[in-house]
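Asks: Task: produce atomic coordinates for the following.
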Amino acid sequence: MRSALEWAQVRALVADGISEREIARRLGMNRRTVARLARSAEPPRYRRAPTGSQLDSFEPVLRRLLEEWPQIKAPRLAEILRADYGYTGSLRLVQEHLKGRRSVRARLDADELALDLACCSSSAQSASRRPRSAPAQERLNHAHCGLVLLLCYCPRTTTASVADGLV
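Replies: Numbering: from 1, shown residues only. Next comes the predicted model:
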């Protein structure tokens, strides 16, 4: 395969009006290679076909299992795939697949939660305001009360979403 530099040299010489035969002689290339490089709109590059994954054939099963058990852990999912569906791949592959799926779902859930909180957080925040001049323990107790108020005002808010920093 020819480099992008050679492609650029051929294209520049063609633009200068030099014949393909002369370019081949100057650069030490075959005339057909020069003709191919002169015709191509972009530099040559190696393109490998996507290989896929061992989990691709289990995609419908994975989708169904994750709908039934959204919080299923990778070891259990790999165990089910091995026992019931003949999966022979590694646990790490299942972990990476779940990580990718859950990060997308978590972003969607976080966006939805943010929309819910936008509606109800103003009332919860106004009910939980406390001056910063209060002693540390009193501020901590007040923050806890604010969290309880937030959880009451926003039924979709969970303590997990608070712990994850989504609130």
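Asks: Alpha carbons only: can I get stretch 76-84 in PDB?
Replies: Provided in PDB are the C-alpha atoms of stretch 76-84 (Å, rounded to 0.1, in the frame of the first residue of the first chain):
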ATOM      1  CA  ARG A  76     -24.600 -14.100  36.400                       C
ATOM      2  CA  LEU A  77     -25.400 -13.100  32.800                       C
ATOM      3  CA  ALA A  78     -22.300 -15.000  31.600                       C
ATOM      4  CA  GLU A  79     -23.400 -18.000  33.600                       C
ATOM      5  CA  ILE A  80     -26.900 -17.900  32.000                       C
ATOM      6  CA  LEU A  81     -25.500 -17.500  28.500                       C
ATOM      7  CA  ARG A  82     -23.100 -20.400  29.000                       C
ATOM      8  CA  ALA A  83     -25.600 -22.800  30.600                       C
ATOM      9  CA  ASP A  84     -28.700 -22.100  28.400                       C
END
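Asks: Report pLDDT for Leu62.
Replies: On pLDDT, Leu62 comes in at 91.
Asks: next one: the one 4 residues further on
Replies: The pLDDT attached to Leu66 in the predicted structure is 89.
Asks: Could you verify my assumption that it touches Ala74?
Replies: No - proximity of Leu66 to Ala74 does not meet the contact threshold set by Cβ atoms under 8 Å, at 11.3 Å. Backbone N, C-alpha and C define where each C-beta goes, glycine included.
Asks: Which residue ranges make up the domains of this protein?
Replies: Split into domains by automatic domain parsing, the chain comes to 4-39, 56-163.
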